[in-house]
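S.K.: let's see this in three dimensions:
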Amino acid sequence: MNPTPLRHDPPAGGAEDPAAPATGSPADPDVLRLRGVHRATADLRRGTPVLLEAAPDLVLLTAETAGARGLGEFQALAGGPAMLLLAPVRAAAVLHRPVPPNTAALALRLPEALFDPAFLRSLADPTAEQVLPAEPVLAPECPAAAPAALALAKLARLLPAVLAAPAAPDAAARAASLRLQSVPAADVLAYPVALAAALVRVAEAQVPLDGAPDARIVAFRAPDAGVEHLAILVGRPEEAEAPLVRLHSECFTGDLLGSLRCDCGPQLRGAIRRMAEEGAGVLLYLAQEGRGIGLVNKLRAYALQDRGLDTVDANRALGWGADERNFLVAATMLEALGVRRLRLLTNNPDKVAALAACGVTVLRRESHAFAPNGINDHYLATKAERFGHLLE
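M.R.: Here you go, the predicted model:
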């Protein structure tokens, strides 16, 4: 695995190759691909349509952020009937019937008169007030690029519900005049791996912590992608034979606010304390809130849990997978830190398997369980029963 593919090594003899672009150079095609996808996600979050280069090209606008202006631009670029692309579980709920197994996405036909922002949001979000002036119907065909369209919405941390239409013949020219982003479907699908592989160290500082005064924080960022992950180093783990390592997905509610709905806060502080006791360790603080669905969607999932769903079914009801995290990010960071053999502090066997698949040597799993607090009992039971966590 090459953790920093955007870095160019000098030729033999130590002289810089003047023909080689610098790290993060605008001429670097990897940077341009990351930049294109990142810009597209930012536009979707603003309620601006984007062009998805596929066969055929599609005009996209997310249902969650669609407004009057975005809908107007969408219709100006569309060259055919519009449809709403949904993840299977959400589509089944909207249609009130089961969907075929192994379905990646479904398309619902929407009359133009129903291009109403509130109506679209109600179709996308099971926690929103339901506005159903008419029942949507299943479209006869789902575009081949539908999985890429939903993936782009997920990368934007938006609900995977996307208004799509075949692009008009002159859509590219119109989009250019409106300064709208165009992105290849292949770049969208490759983005998670490319983003992880492109991570580079950008900052480091001593940050004494309560209980771990000999701690450093190293920040990682992918060029032109804006996503940052942190490594908390206790002692000198890079010099240890097999230091303790924990992969900790950020949890605003648990880590910062002390939420009792999860066990994230105790896991975070307990891991740092244990590493300090051993004299060395690495805690990777990954920007993957809510198992990769983002804070806003995690709050929506909480609302669905309050209605009786568990954490797995709540995520799926929103159109997300049970776990959307990309652990190649962690493997890339560990490689850059010089940690190639480790003991993994986790209750999740999937993390062990994921790191091993990325070429990291996990000598053994170290248990990291905390007792339920009376509020998170069902949450912990669900992790054990449905995720296979070993809460011994």
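
S.K.: what segments of the chain are helices?
M.R.: With DSSP state H as the criterion, the chain has helices at 29-45, 68-77, 88-95, 117-124, 146-155, 171-177, 185-197, 264-278, 289-292, 295-305, 311-317, 328-337, 349-357, 377-386.

S.K.: out of the ones you listed, the one nearest G226 is which?
M.R.: Closest of the helices of the chain to G226 is helix 29-45, at 6.0 Å (criterion: CB to CB). Yep, even glycine has a C-beta here, placed from its N, CA and C like the rest.

S.K.: buried sites along the closest one?
M.R.: By neighbour count on 16 or more other CB atoms under 10 Å, the buried set for helix 29-45 is 30-31, 33-41, 43-44.

S.K.: can I get those residues in JSON lines with distance to F74?
M.R.: Formatted as JSON lines, the buried residues of helix 29-45 follow (distance: CB to CB, whole Å):
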{"residue": "D30", "distance to F74": "30"}
{"residue": "V31", "distance to F74": "29"}
{"residue": "R33", "distance to F74": "24"}
{"residue": "L34", "distance to F74": "25"}
{"residue": "R35", "distance to F74": "23"}
{"residue": "G36", "distance to F74": "19"}
{"residue": "V37", "distance to F74": "19"}
{"residue": "H38", "distance to F74": "21"}
{"residue": "R39", "distance to F74": "17"}
{"residue": "A40", "distance to F74": "14"}
{"residue": "T41", "distance to F74": "17"}
{"residue": "D43", "distance to F74": "12"}
{"residue": "L44", "distance to F74": "11"}
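
S.K.: what count of nearby residues applies to C142?
M.R.: As a burial measure, C142 scores 20 neighbours (other CB atoms under 10 Å).

S.K.: nearest residue to it in space, please, no chain neighbours.
M.R.: A107 (4.2 Å; CB to CB, 6 or more residues apart in numbering).

S.K.: and if you look at P372?
M.R.: Closest to P372 by CB to CB, 6+ apart is L380, at 5.2 Å.

S.K.: confidence score at the one you found?
M.R.: L380 is assigned 88 on the pLDDT scale.

S.K.: wait, it touches R386, no?
M.R.: No: here L380 does not reach R386: they are 11.3 Å apart, not a contact under CB atoms under 8 Å.

S.K.: more neighbours: which of those two?
M.R.: Each of L380 and R386 has its neighbours counted (other CB under 10 Å); L380 has more, 19 against 13.

S.K.: for that one, give me its contacts.
M.R.: By CB atoms under 8 Å, 6 or more residues apart in numbering, the contact list for L380 reads D263, P372, L391.
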